[in-house]
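**Student:** Kindly generate the corresponding structure for this input.
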Amino acid sequence: MTRILTALLLLLAALSGCQGESPQTPATPSVKTDVQKPQTTTTEKTKAKLVVYSGRSAKLVEPLLSLFEAKTGIKVRVRFDKSTQTLANRIASEGQVGEADVFFAQDSGYLGALAKAGHLQALPKAVLDRVPENYRDKDGKWVATSGRARVLVYSPERVKVEDLPSGLEALADPKWTGRIGWAPSNSSYQAHVSGLRALWGEEKTKNWLAKMRAVEPKVYPKNSPQVKAVSSGEIDIGWVNHYYLHRLKAANPSLKAANYSFRDQSDAGNLLMLSGVAVTAHAKNVRSARALAQFLVSDEAQNYFAQTVYEYPTVSGIKTHKNVPPKSGGWAAVEQSALSDVVGTVKLLRQLGLQ
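**Tutor:** Predicted coordinates for the structure are as follows:
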């Protein structure tokens, strides 16, 4: 049995087995906008360090977590994994004996799946109210910390911008055969396909993926190799998140690639992917976990996401990086909760031989 199938079975078993549980949610403390040292209970003093399961990479978020430690005095231990799916499966399978206090996810899909299954607890209202309603779970189980736009990265040397497809459907045109890259095992790719299933419906999404398979896209493990492959001439177009280009260009200004958003602002290709944070249902360090969630939506952390990571902030009034274009017309109108059906998406990808 493959690793992916095993992970899916674990998640399905955990989700179905925990529907009837009633997580013990401690009383919600008062949370202020400014991050302060929480009043730690005697019980929490006897516990281990605040444990965070992070699908966000160490390179991106370790400086931010170190700042949180310095400001609050709370010691953090992080389990990093490039696969958000792996961490979500671990939380689901561990249940009450799990060590994770906080789930810091690359994409909202797995946050939604865990919330539905009862593996997350409600966040304080003061944390949730920091972001607009469409940037948080309707039941208050997770809150978005930053956003990444799905875009095409392309070669300005080999492709004229006016020749790029006006919408995502046209990306399957045979003229792009052998010229495209994508990453079917990447969580952002899977979340976007989940969004397509909600926007287009199951049959249209399946047909589009089949057409895409016919143009023989080159498979990559994640987003950044696609950006580098465009620059090197290996492919002409990649299907990625916007911020990879900006990060790689900051390190290598001679990189020969550019981002492109579909001309129709409401096109299904123009999707906003949200990273987010949640406190697990059986967290042992609840106050500290809530303090971290509070910190991640503070102005200080939001400016870090915008100016250092080149992402879109989720808190109003925070400016994007000067090199990141503001999104004037918005994104495709899809509920973030629709991205949580990752099991159905992976099943579809496997049916089509894309996994």
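**Student:** how near is the nearest residue to Ala333 once chain neighbours are set aside to Leu199?
**Tutor:** In space, and not counting its chain neighbours, Ala333 is closest to Ser266: 6.7 Å by Cβ to Cβ, 6 or more residues apart in numbering. (C-beta placed from N, C-alpha, C; glycine too.) Separation of Ser266 from Leu199 (Cβ to Cβ, to the nearest Å) stands at 10 Å.
**Student:** what does Ala92 give?
**Tutor:** 27 Å.
**Student:** tally of neighbours for the residue lying closest to Arg136 once chain neighbours are set aside?
**Tutor:** Spatial nearest neighbour of Arg136, excluding adjacent residues (Cβ to Cβ, 6+ apart): Val143 at 4.6 Å. Neighbour count of Val143, defined by other Cβ atoms under 10 Å: 26.
**Student:** Pick out the residue closest to the middle of the protein.
**Tutor:** For the chain, the residue nearest the mean C-alpha position is Asp107 (1.9 Å; Cα atoms, centre = their mean).
**Student:** and that residue, what does it touch?
**Tutor:** Residues in contact with Asp107 (Cβ atoms under 8 Å, 6 or more residues apart in numbering) are 55, 84, 187-188, 191, 273-275, 339.
**Student:** Give me the phi and psi for the nearest residue to it once chain neighbours are set aside.
**Tutor:** Spatially, and ignoring its direct neighbours in sequence, Asp107 is nearest to Ala191 (4.5 Å; Cβ to Cβ, 6+ apart). Main-chain torsions, Ala191, degrees, to the nearest 10: phi -70, psi -40.
**Student:** What confidence value was assigned to Ala191?
**Tutor:** With respect to pLDDT, Ala191 scores 86.
**Student:** repeat for Gly329
**Tutor:** Looking at Gly329, the pLDDT reads 60.
**Student:** Tell me if I'm right that Leu354 and Arg213 touch.
**Tutor:** Yes. With contact defined as Cβ atoms under 8 Å, Leu354 and Arg213 form a contacting pair (6.6 Å).
**Student:** ok, these two, which is more surrounded?
**Tutor:** Taking neighbours as other Cβ under 10 Å, Leu354 and Arg213 compare with Leu354 leading, 19 against 14.
**Student:** which residue ranges form the helices in the stretch 51-200 of the chain?
**Tutor:** 58-72, 84-94, 108-116, 125-128, 187-200 (DSSP state H, counting those that start in this stretch).
**Student:** can you check the stretch 251-355 of the chain too?
**Tutor:** Using DSSP H, counting those that start in this stretch, helices in the stretch 251-355 of the chain cover 286-296, 299-307, 342-351.
**Student:** Mind checking these for the one nearest to Ala170?
**Tutor:** helix 342-351 (21.1 Å; Cβ to Cβ).
**Student:** what mean pLDDT does that closest one have?
**Tutor:** Averaging pLDDT residue by residue across helix 342-351 gives 90.
**Student:** Specify the angle between it and helix 108-116 in degrees.
**Tutor:** Here helix 342-351 runs at an angle of 130 degrees relative to helix 108-116 (axes from the mean of the first three to the mean of the last three Cα atoms, to 10 degrees).
**Student:** Which positions in helix 342-351 come out as buried?
**Tutor:** Neighbour-count burial for helix 342-351 flags 342-343, 345-346, 348-349 (criterion: 16 or more other Cβ atoms under 10 Å).
**Student:** swap in stretch 147-164?
**Tutor:** 147-155, 159, 164.
**Student:** got it, and stretch 262-279?
**Tutor:** Here stretch 262-279 shows 262, 267-279 as buried, counting by 16+ other Cβ under 10 Å.
**Student:** Just the terminal-to-terminal distance for that stretch.
**Tutor:** Using Cα to Cα, to the nearest Å, one end of stretch 262-279 lies 36 Å from the other.
**Student:** before we move on, what about stretch 326-346?
**Tutor:** Stretch 326-346: ends 32 Å apart by Cα to Cα.
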